[in-house]
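**Student:** Sequence first, then the predicted structure, then my questions.
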Amino acid sequence: MTEALSAGFFARSVHEVAPDLIGVTLLVDGVGGPIVEVEAYDSTDPASHAFRGRTPRNAVMFGSPGRAYVYRSYGIHWCLNLVCEEEGSAAAVLLRALEPTHGLDRMRARRKLDEVRLLAAGPGRLCEALGVTREHDGLSLDRPPFVLVPRSAEPEIVAAPRIGITRAVDQPWRYGLKGSRYLSRALPRA
DNA sequence: CAGTGGATGCTCT
DNA sequence: GAGCATCCACTGT
């Protein structure tokens, strides 16, 4: 039996939660592995979906922390966020990559790809590998199909500017596991 | 390697 | 009608 994340884990500043998620193991229906790359988005952030206020798409971001916010990206991919802070804060962490360790066969089948390094190296790839879709939007992270397992040791974390955005491009709110080969893109050299 | 462009759907202006 | 919190295939060194 695995221990769950503490109840208040997500009820903190998104800027604290984001780096704390590096090394946490995410499973969706038993498929996943340790998170190696995330990005933080807060409500004052022009790059955030919530910046211009509540809409049908981003409604979950404005709800209680500890739930999944899933949206479609570029018409093709899904992206998974974990809602943080408190009701109305509209802050969330985008999951950008994890190390595939659980359910490799299911990930390979969904991704139609053998190479482990690329199974979940990117927000769209991660969702495809784990089978995350709109059906998961709004679901609590402390119940099936989600499982979050705390990390056992402090990882070495590198902060860097975020990827794929056009506003607030200089904020260093991307966090990655130093030296990981499962990132969506290499981290800047230290 | 780097750079470019197409696919595709939905949200918001 | 524009613009995406993307990925992949393809081109050219």
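**Tutor:** Good, I have the coordinates.

**Student:** Quick check: bridge partners of the spatially most central residue of chain A?
**Tutor:** Nearest residue to the geometric centre of chain A (C-alpha atoms, centre = their mean): residue A:95, 1.7 Å. Beta-bridge partners of residue A:95, counted by DSSP bridges, are residue A:38.

**Student:** wait, doesn't it sit right on residue A:125?
**Tutor:** No. Using C-beta atoms under 8 Å, residue A:95 makes no contact with residue A:125, being 10.8 Å away. The way it works is simple: take the backbone N, C-alpha and C, and place the C-beta from them, glycine included.

**Student:** re the thing from before, OK, contacts around the residue nearest to the centre of chain A?
**Tutor:** By C-beta atoms under 8 Å, 6 or more residues apart in numbering, residue A:95 lies in contact with A:21, A:26, A:35, A:37-38, A:79-82, A:123, A:126.

**Student:** do that again at 10 Å, thanks
**Tutor:** The contact partners of residue A:95, by C-beta atoms under 10 Å, 6 or more residues apart in numbering, come to A:21, A:26, A:32, A:35-39, A:68, A:79-82, A:120, A:123, A:126-127, A:130, A:132.

**Student:** Intersect those with the contacts of DNA strand C.
**Tutor:** For DNA strand C, the contacts drawn from the contacts of residue A:95 by C-beta under 7 Å from any atom of the strand are A:39, A:79, A:81, A:123, A:126.
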